[in-house]
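**Q** dropping the sequence and predicted coords here.
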Amino acid sequence: MLRVGRNEAGEIAGDCASMGDLRHARITRNSRGRFRAEPNGPSPVELVMDRVALIYNPASGQDSPKRRAVVDDALAMLRDAGVRADAFETNAPGRAGALALEAVDLGYDTIMACGGDGTVHEILQELVGTQVALGVVPLGTANALAADLGLGSTPAGAMDKLLTATPVRVPVGRIFYCDSEGVSRSRYFTVAAGVGADALFMSRLDARLKRRFGYVLYMVQGLRVWATHSFPLFNVAFVDRESRKTRKEDVSQLLAVRIGDFGGVLHKLAPGASLHKDSLSLLAFKTRSRVHYMLFVLAVLFGRHTFAREVELLDAISVECGAHKGSAEQVFVEADGELLGSLPVRIEIVPQALTLLIPRSAGLNGRPAQDGLDSRRPLAASAPTSDPAELMPGHK
C-alpha cells in the first residue's frame, strides 16, 4: 500500500515505480483516515484534481456554526490525498460567484461548492464554458443536485466519493427572464427552473427562518401559497423534442426539470429527467384548481403520482412563456430555488456546457456526454438561440 503526496516541487508523488502506476491506483483510506493509493487495484482511477478551491457559505443550512470545522475536515481529506486545496468563505449574497471567477483566474482546476443548491447556482454561472470542474459538497437546507448525484447527505461521505469521481461534460439549462427593473437577463441552472406558484413560494422564504426551521418552513409556506394564491394562467409555447413541432398551452405552473432525483419528499418528481439529457422535462399544470394541486402533491409525497390532462409531463427542446393579454397579475420566475424575476421567459438547453464531478457509484446510464480527463476541453459560452430582445418585447 502506497502513500500519495507531493514532493518539494509540488508534484504528485508516491512510492510507485512510475506515474502510470499512480494513475491506475486505487484510492483507499486507512484507520487513521489518511488516503493511500494501492496499485493494480480492482477499481482503477485517475487523479482528476490537482488544485481545488472550496467555496463555502457560512450561513447555509441549519448547522452553520459548525461550517468551518466541516470545511477544515474537507481540506484535510483533499490534502491527505495529495491535492492542493484552499478554502474561501462567502460574506455576502452573490459573493460565491465572484469567488469562483477569481479561482478560475488563479488557475484552480476544480471548485467545490460547499453549501446548498443556492451556493451551487451562484458558482455555476462562472463555470459554464470553462474547463474548470464543479464538485458539490452538501451543506445547505436544499441539496437536490447532491442527492441526484448520489453524494449522500453528509459532507464527509460526499468528499469520499468526490475524490474518485469522474469529470463529465453535461448540458445545463438556461433561462431568460425580466428582472425587477424590467431588464432582460439570463441564468444557467442544473436542478430546475420554475414559472408560477413555485417561484412565488421562493419569494416568500425568509433566509433567516429557513436556516432555523429548514423543511418545516418549506411546508408552512407551501400550504400558505396553496391556500391564498389565485394560480393565474399564462401562455406557454414549447418545441416538442420528438416531433420538433411547436405546441401552445395555457398553464398556471411550469417546471423545467434537469435532475432525476430531488431527494427528500420530492424524490422522483419528473420521471425520465436527467442531467445528461439534451432536453427539458416539463411539468405543465394546466389547471387553476387547488384540489388538483393538492392531489398531485400528495401523490408525489407517496411516490404514486401520474400525469394526465391537468398535470402533463412533456419532453421539450425549449419553451417560451408570456403573460395573458390584459393580465395584471405578476408571475414570478425561479431557477435552482433562487428567485429571479418575472415574465416573459424563455428556457433552453446549452449542450456540453459544464464539467461536473460525478461519483462512479452514481451510474451514468443514458449519458450522451463525454467523461474522463479529455472532457475538459475549452468551450465557448453558448449564445441564446434567439435574440433576447425578441424574447422580451418592450424591454431593453
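**A** Now that the structure is in, tell me what you want to look at. Numbers count the residues shown, from 1 in each chain.
**Q** in stretch 162-172, what counts as buried?
**A** If you call a residue buried by 16 or more other C-beta atoms under 10 Å, then stretch 162-172 has these buried ones: 162-172. C-betas here are computed from N, CA, C, even on glycine.
**Q** tell me which of those residues fall in strands.
**A** Among the buried residues of stretch 162-172, DSSP state E puts 166-172 in strands.
**Q** mind listing the strands for the stretch 151-300 of the chain?
**A** Along the stretch 151-300 of the chain, counting by DSSP state E, counting those that start in this stretch, strands occupy 166-178, 184-189, 192-196, 234-240, 246-251, 253-257, 280-285.
**Q** against N143, how distant is H305?
**A** When C-beta to C-beta, to the nearest Å is the yardstick, H305 and N143 sit 22 Å from each other.
**Q** ignore what I typed, I meant D278.
**A** Between D278 and N143 the distance is 25 Å, computed by C-beta to C-beta.
**Q** got the contact list for V345?
**A** Contacts here follow C-beta atoms under 8 Å, 6 or more residues apart in numbering; on that basis V345 touches 175-177, 195, 320-322, 333.
**Q** and A53, by the same measure?
**A** Counting by C-beta under 8 Å, 6+ apart, A53 touches 85-88, 99-100, 103, 106, 108, 110-112.
**Q** and if we set it to 10 Å?
**A** A53 makes contacts with 84-88, 99-100, 102-104, 106-113, 123, 132, as judged by C-beta atoms under 10 Å, 6 or more residues apart in numbering.
**Q** doesn't it belong to a strand?
**A** Yes - assessed with DSSP: H, G, I helix; E, B strand; the rest coil, A53 lies in a strand.
**Q** once you drop chain neighbours, what's closest to it?
**A** In space, A53 comes closest to A103 once its chain neighbours are excluded; the distance is 3.9 Å by C-beta to C-beta, 6 or more residues apart in numbering.
**Q** give me the distance between the one you found and V132.
**A** When C-beta to C-beta is the yardstick, A103 and V132 sit 8 Å from each other.
**Q** of the two, which one has the most company?
**A** Here A103 and V132 are set side by side on neighbour count (other C-beta atoms under 10 Å), and the busier one is A103, at 24 against 20.
**Q** pairing partners for the longest strand belonging to the chain, with directions?
**A** Criterion DSSP E: the longest strand present in the chain is strand 338-358. Strand pairing for strand 338-358, using DSSP bridges, gives strand 133-138 (parallel), strand 166-178 (antiparallel), strand 311-323 (antiparallel), strand 332-335 (antiparallel).
**Q** what's the mean pLDDT across that strand?
**A** Taken as a whole, strand 338-358 has a mean pLDDT of 97.
**Q** report the buried residues of it.
**A** In terms of neighbour count (16+ other C-beta under 10 Å), strand 338-358 has its buried residues at 338-350, 352-358.
**Q** then stretch 312-330?
**A** Going by neighbour count (16+ other C-beta under 10 Å), the buried part of stretch 312-330 is 313-323.
**Q** so which of those is the closest to H292?
**A** For H292, the closest of those turns out to be L313, at 14.8 Å, with distances computed as C-beta to C-beta.
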